[in-house]
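**Student:** Below are the sequence and a predicted model for it; my questions follow.
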Amino acid sequence: MMKKVLTAFALLAALLVFLPLARAGDAREDAVFPPFTLTTMDGRTIDSADLRGTPLFVNVMATWCPPCKREAPDVERAWREFKGKVQFIGIFVASGDRAMEDFVEKYDLTFPAGKDPGIVGDLNLVAFPVGIFVTPGGKIAKMHYGGITYEELKTSLEEILKEGD
């Protein structure tokens, strides 16, 4: 019994220490989103400079991450609704090629996605998923840490479309 109590206490202490770090990072709202060149899973190249003038939603995820799996259908639903008004990019972290292909197929993801081109390090992200809303001018409007629902995505996307830059 005492061992279970000590284990529970250790887990709670670890959460209290590391949970704030999961939201830590150099990225702040209104900061400029770092430039990147992404090679998508289908071999296309996307340069962030080409995306200027259009709002952007960046979904940073990992194939092994339970919240990433839960949010995937909602992110795809939002992509299908906002396609043409907002660009979506999926960034996979710590995931192998086969795992990424299986993830995309399982959740029927159709927005461009590929391996992290350095965004995670540039923004000092340490936990996933993270949803990053970027203005048409390239500034971070909002960062959502943890799984996101369709309704949360829709609300944030509508806000960024209203605000412009």
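**Tutor:** Received, thanks. Residues are numbered from 1 along each chain as shown.
**Student:** Low-confidence bits of the chain, can you list those?
**Tutor:** Across the chain, the ranges flagged by pLDDT under 70 are 1-28, 164-165.
**Student:** Number of residues surrounding Val126?
**Tutor:** 13 (other C-beta atoms under 10 Å). In this view, the C-beta of every residue, glycine as well, is placed from N, C-alpha and C.
**Student:** what do you get for Glu105?
**Tutor:** 9.
**Student:** for Thr63, same thing?
**Tutor:** Counted with other C-beta under 10 Å, Thr63 comes out at 20.
**Student:** State the distance from it to Tyr107.
**Tutor:** Distance of Thr63 to Tyr107, given as C-beta to C-beta, to the nearest Å: 10 Å.
**Student:** just checking, Glu71 touches Val130?
**Tutor:** No - at 10.8 Å, Glu71 does not count as touching Val130 under the criterion of C-beta atoms under 8 Å.
**Student:** what helix or strand is the residue nearest to Glu29 when sequence neighbours are not counted on?
**Tutor:** Among residues not flanking Glu29 along the chain, Ile140 sits closest, at 5.5 Å (C-beta to C-beta, 6 or more residues apart in numbering). Assigned by DSSP states H and E, Ile140 belongs to strand 140-145.
**Student:** What of Phe103?
**Tutor:** helix 97-106.
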